[in-house]
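Q: structure of the sequence below:
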Amino acid sequence: MSIHYLNKNILFNKDIFWITVITIFSIIFAMIYLLSNGSTFTTVALILLTLTVILTFYRLTWGLYLFVGLVLLFDQFPPRGYGITIIGVEYFLNLKSLNLFKNIEFAVINPLELHLILIILAWIFIFINKKNLYLQKIPNSLAFILLFSWLTISLIYGLSRGGDFLPALWELRALFYMAFMILITPQIIQSKKDLINLIWIIIIALTIKALIGVVRLVRLGFDFGGRTELTNHEDPLFFVSLMILLLNFVLFKYKSSQKTFLYFIFPLIFIVFFFSQRRAAYAAFFLGIIAFLFIIQKDQLKLLLKYLIPFFIVFSIYTTIFWNSTGTIAIPAQLVKASITEPKSPSDLRFYSNLYRKIENYNLAQTVLKSPIIGIGFGKKYDQPIPLVHIPFPLQEYIPHNEIFWIMVKSGTIGFFLFFLFFNSYILQTSNLYKKINDPYLKSICSMTIIAIIGQIVVSFYDLQLTYYRNMIFLGTLLGLLPTIQNITTPKSK
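A: Model (predicted):
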């Protein structure tokens, strides 16, 4: 009787505990709903935030998977011309945009940053409480420290000379997201299983984006109707990484569920990439393939050429046939044409796009002359001796399309040198690791990382993709996997 009574008491106490917890949370969420003037979004967001905190502290790798997945799945900037886009734009917006925080001046932090801070705090908590974890060093640490120290100095310099804080914040956020991902990823992803799971998250998130693009393409009847994109500007660049990953698996004759899955979704990815109308992504793809030819070994090169030569023959025939066509099927051919020829007719929309960029580059060059060594600093507007046509971009006077020149304008020759020192050192380090390791999966990730770096630099000459959050987080994640791959191939002695 006493044991039965004791068990009944324990059951009763557990019931009371969970009833109390549910009641407290219900009251809290009800108060949030009232304080936010009935904002369902704010209430649901805070519920999801609570679940995210629990998940992250329960298993840190799951927290990182969720973070990377959300970043790749959501739209920082909704594709233009579509009434409905995937939910998640608010993930990248400052909290001031929400009713609950609109009167709080310093609420310039966004949910993405809160999520990243949560992961860092969870890692610190676990690191302190578990002795079996160790602090993972990152490669190229000197180049890393020099670049981000100089960017910080350029920020302080710009603000001290009358620069605006909010534009400076928008300018540098993405680059520092990349820095945080380089630092935190190897601390969390420390085994091959973790690495494979992370790549699965990347594949699944980008597959969903490709499906969205295909659905839009079909709904439009393959007629864009003046639209210039299917998904986000940055998605085609991510698709290049998946295509390179699949190409590696094929060349290495590597059998895995990821290879099989990529085979099935390749048509979707390629169709969306093909019809993305992003000249910069096309350039990144072709230059990435050229770089890839220098990475692989002779046997793999022969096998690759068996695939590439027929492809280029077919593509050359296609381009020749549709060189002067204006139909939807000719869009990629016209993008190739626009990339290698100069539009001469004002009736061609790309005529004005190219002209805008030329004027922008001239203005950047004139601004560099003012301070060629240290730059003008972040938060400062670049000069416009030739005024630019107004475009619907609030940071038009701070951030140009050519963000490689932008680096020199804002941080000078010193920052420009450190920028390329940083990325070139990662290309060199990853290339050396690629040659040393034998595991085909790890070699494939190294190859994908090299091409991702090259692709990012290429698109940054044409578009605003050093300041896009998703780009820098994706690239930072891949760069952060380098020490993980090193440790998997050469385990630390206990």
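
Q: where does the stretch 351-494 of the chain dip in pLDDT?
A: Along the stretch 351-494 of the chain, the parts satisfying pLDDT under 70 run over 491-494.

Q: please apply the same query to the stretch 151-300 of the chain.
A: 222-228.

Q: apply 50 and report the result again.
A: Counting by pLDDT under 50, the stretch 151-300 of the chain contains no low-confidence range.

Q: now do the helices in it.
A: For the stretch 151-300 of the chain, the helices defined by DSSP state H, counting those that start in this stretch occupy 165-188, 192-219, 235-251, 257-274, 279-295, 298-321.

Q: check contacts around the closest residue to residue 273 other than its chain neighbours.
A: For residue 273, ignoring the flanking residues on the chain, the nearest one in space by C-beta to C-beta, 6 or more residues apart in numbering is residue 239 at 4.5 Å. (Each C-beta comes from the backbone N, C-alpha and C, glycine too.) The neighbours of residue 239, taking C-beta atoms under 8 Å, 6 or more residues apart in numbering as the test, are 206, 210, 269, 270, 272, 273, 281.

Q: what's the burial count for the fourth one?
A: The number of residues packed near residue 270 is 14, by other C-beta atoms under 10 Å.

Q: give me the number of residues near the nearest residue to it once chain neighbours are set aside?
A: Leaving aside its sequence neighbours, residue 270 sits nearest to residue 243 (C-beta to C-beta, 6+ apart; 7.2 Å). Around residue 243 there are 20 other residues, counting by other C-beta under 10 Å.

Q: what's near enough to touch residue 243?
A: By C-beta under 8 Å, 6+ apart, the neighbours of residue 243 are 266, 269, 270, 273, 285.

Q: mark which of these are buried, thanks.
A: Neighbour-count burial (16 or more other C-beta atoms under 10 Å) applied to the contacts of residue 243 gives 266, 269, 273, 285.

Q: distance check, the last one against residue 119.
A: Shown here: residue 285 relative to residue 119, a distance of 32 Å by C-beta to C-beta, to the nearest Å.

Q: tabulate the contacts of residue 243 in CSV, adding columns for distance to residue 436.
A: Converted to CSV, the contacts of residue 243 look like this (distance: C-beta to C-beta, whole Å):
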residue, distance to residue 436
266, 29
269, 30
270, 32
273, 32
285, 27
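
Q: sorry, back to before: look up how far residue 353 lies from the residue nearest to residue 270.
A: From residue 243 to residue 353 the distance is 26 Å (C-beta to C-beta).

Q: re the thing from before, need the winner for burial among the helices of the stretch 151-300 of the chain.
A: Highest mean neighbour count of these: helix 235-251, a mean of 23 (counted as mean count of other C-beta atoms under 10 Å).

Q: tell me the one among the contacts of residue 243 nearest to residue 53.
A: Among the contacts of residue 243, residue 269 lies closest to residue 53 (C-beta to C-beta), at 33.6 Å.

Q: show me what contacts the closest one?
A: Here residue 269 is in contact with 206, 207, 210, 239, 242, 243 (criterion: C-beta under 8 Å, 6+ apart).

Q: for those, which two are the farthest from each other?
A: Using C-beta to C-beta, these span at most 12.8 Å, a distance reached by 207 and 243.

Q: if I look at residue 208, how far off is residue 177?
A: Distance of residue 208 to residue 177, computed by C-beta to C-beta: 22 Å.

Q: right, I mislabeled it, should have said residue 113
A: Applying C-beta to C-beta to residue 113 and residue 177 gives a distance of 8 Å.

Q: now swap in residue 236 and tell me
A: Residue 236 is 20 Å from residue 177, by C-beta to C-beta.

Q: over to residue 79?
A: Taken as C-beta to C-beta, the span from residue 79 to residue 177 is 22 Å.

Q: swap in residue 191?
A: Residue 191 is 24 Å from residue 177, by C-beta to C-beta.

Q: cool, residue 305 as well?
A: Taken as C-beta to C-beta, the span from residue 305 to residue 177 is 38 Å.

Q: cool, and residue 458?
A: 20 Å.

Q: contacting residues around residue 292?
A: Neighbours of residue 292 in contact, by C-beta under 8 Å, 6+ apart: 244, 247, 304, 447, 451.

Q: distance from the chain centre to the helix or strand hosting residue 404, please.
A: Element membership for residue 404, per DSSP states H and E: helix 403-436. Taking C-alpha atoms, centre = their mean, to the nearest Å, the mean C-alpha location of helix 403-436 is offset from the chain mean by 17 Å.

Q: could you list the buried residues of it?
A: 403-412, 414-419, 422-423, 425-427, 429-431, 433-434.

Q: before we move on, back to that, out of the contacts of residue 243, flag the one nearest to residue 326.
A: Distance to residue 326, by C-beta to C-beta, is smallest for residue 273 among the contacts of residue 243, at 21.2 Å.

Q: quick check, that closest one in contact with residue 267.
A: No: Residue 273 is beyond contact range of residue 267, at 10.7 Å (criterion: C-beta atoms under 8 Å).

Q: tell me the secondary structure at residue 384.
A: Three-state secondary structure (criterion: DSSP: H, G, I helix; E, B strand; the rest coil) places residue 384 in coil.

Q: surely it touches residue 400?
A: No: the criterion here is C-beta under 8 Å, and residue 384 misses it with residue 400 at 10.2 Å.

Q: higher neighbour count, those two?
A: residue 400 (22 against 16).

Q: state the distance from that one to residue 49.
A: Taken as C-beta to C-beta, the span from residue 400 to residue 49 is 35 Å.

Q: which residues touch residue 58?
A: Listed by C-beta under 8 Å, 6+ apart, the contact set of residue 58 is empty.

Q: quick check: phi and psi at it.
A: Backbone geometry at residue 58, expressed as degrees, to the nearest 10, gives phi -70, psi -50.

Q: list the contacts for the closest residue to residue 480 other than its chain neighbours?
A: Closest residue to residue 480 apart from its sequence neighbours, by C-beta to C-beta, 6+ apart: residue 185 at 2.7 Å. Listed by C-beta under 8 Å, 6+ apart, the contact partners of residue 185 are 64, 476, 477, 479, 480, 481, 484.

Q: swap in residue 123?
A: Neighbour list for residue 123: 60, 184, 187, 188 [criterion: C-beta under 8 Å, 6+ apart].

Q: ok, how many other residues are close to residue 53?
A: Quick note: residue 53 (other C-beta under 10 Å) scores 16 neighbours.

Q: nope, residue 483 is what I was after
A: Residue 483 has 21 nearby residues by other C-beta under 10 Å.

Q: which strands or helices does the helix or strand encompassing it pack on?
A: Secondary structure from DSSP H and E places residue 483 in helix 482-489. Identification of packing neighbours for helix 482-489 by 3 or more C-beta pairs under 8 Å, 6 or more residues apart in numbering; DSSP states H and E yields helix 165-188, helix 192-219, helix 403-436, helix 440-462.

Q: make CSV from these and add distance to residue 314 to it.
A: Below are the helices and strands packed on helix 482-489 laid out as CSV (distance: least, C-beta to C-beta, whole Å):
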stretch, distance to residue 314
helix 165-188, 37
helix 192-219, 21
helix 403-436, 30
helix 440-462, 22
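
Q: right, so of the ones you listed, which gets closest to residue 255?
A: Residue 255 lies closest, by C-beta to C-beta, to one member of those: helix 440-462, at 9.6 Å.
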